[in-house]
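> pasted the sequence and its predicted model underneath.
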Amino acid sequence: MLVVGLARFAVVVALTGCGVKLTDPQLIAGPSPDASIDARPLDAAPDAAPTPCTGGAAAMRNPDNMHCYMFFSTKATRAAAITTCAAQGGATLASITNQAEHQFVANLVGANEAMLGGNDLTTEGVFRWDNNDAFTYTAWRSGEPNNANGGFEEDCIVMQGQLVSDPWDDRPCDNSVVAAATYAFLCERP
């Protein structure tokens, strides 16, 4: 027997025979007035799985923010690193916003160096992330940033992985200042 109560949007399904009667309390009560309704069309695909976290010499998804971090060991200038990151599904050079994220990427980078996405190219001495966010967390090595002790501009950041406890160092962004201004780098993609 099937009974539909239109006023309450209730449906009661009762099976008879063998003396068994089944009812579903949710069906009897109907949806709550504040229940959200899934507005997806019936033929819509379920939510897609996240893009695989691959690329570079090593890649890992951070369980805290679900971002994918890709370490590229091939050395590049800042401009070339930005281009390579963008080719990885729109990734950018990584920004580090807290100690947990710092530790996660330090484990990924290991005993290597990696360029990050922070710089003071716009205003000397004021480091910002590539998306123009101010720094809320830093891990500068003692005495850094220092523009090579006043010798020349060092506008980019290189993270020295697990080599030192406070691994950030300011470095030149390209070969116009120092011929060897190329670094391994770290990309990040939400």
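Cool, the structure landed.
> could you pull out the helices for the chain?
Defined through DSSP state H, the helices belonging to the chain, from first to last, are 25-29, 78-86, 99-109, 147-150.
> helix or strand with the lowest mean pLDDT in the protein?
Per-element confidence for the chain was summarised using mean pLDDT, DSSP states H and E. The lowest value among helices and strands belongs to strand 10-13, with a mean of 35.
> residue 55 is nearest to which of the helices of the chain?
helix 78-86 (8.9 Å; Cβ to Cβ). Any C-beta I mention is one placed from the backbone N, CA and C, and that applies to glycine too.
> where does pLDDT dip in this structure?
Low-confidence regions of the chain, defined by pLDDT under 70, span residues 1-50, 163-164.
> can you list the domains in it?
According to automatic domain parsing, the chain comprises the domains 1-32, 58-189.
> can those domains go into JSON lines with extra columns for mean neighbour count and distance to residue 52?
Below are the domains of the chain laid out as JSON lines (neighbours: other Cβ atoms under 10 Å; distance: least, Cβ to Cβ, whole Å):
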{"stretch": "domain 1-32", "mean neighbour count": "10", "distance to residue 52": "37"}
{"stretch": "domain 58-189", "mean neighbour count": "17", "distance to residue 52": "8"}
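> could you dump those domains to CSV with distance to residue 51?
Supplementary listing: those in CSV, determined by distance: least, Cβ to Cβ, whole Å:
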stretch, distance to residue 51
domain 1-32, 34
domain 58-189, 6
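> and the residue nearest to residue 148 when sequence neighbours are not counted, how far is that from residue 147?
Sequence neighbours aside, residue 154 is the residue nearest to residue 148 in space, at 5.6 Å (criterion: Cβ to Cβ, 6 or more residues apart in numbering). Relative to residue 147, residue 154 is positioned 5 Å away (criterion: Cβ to Cβ, to the nearest Å).
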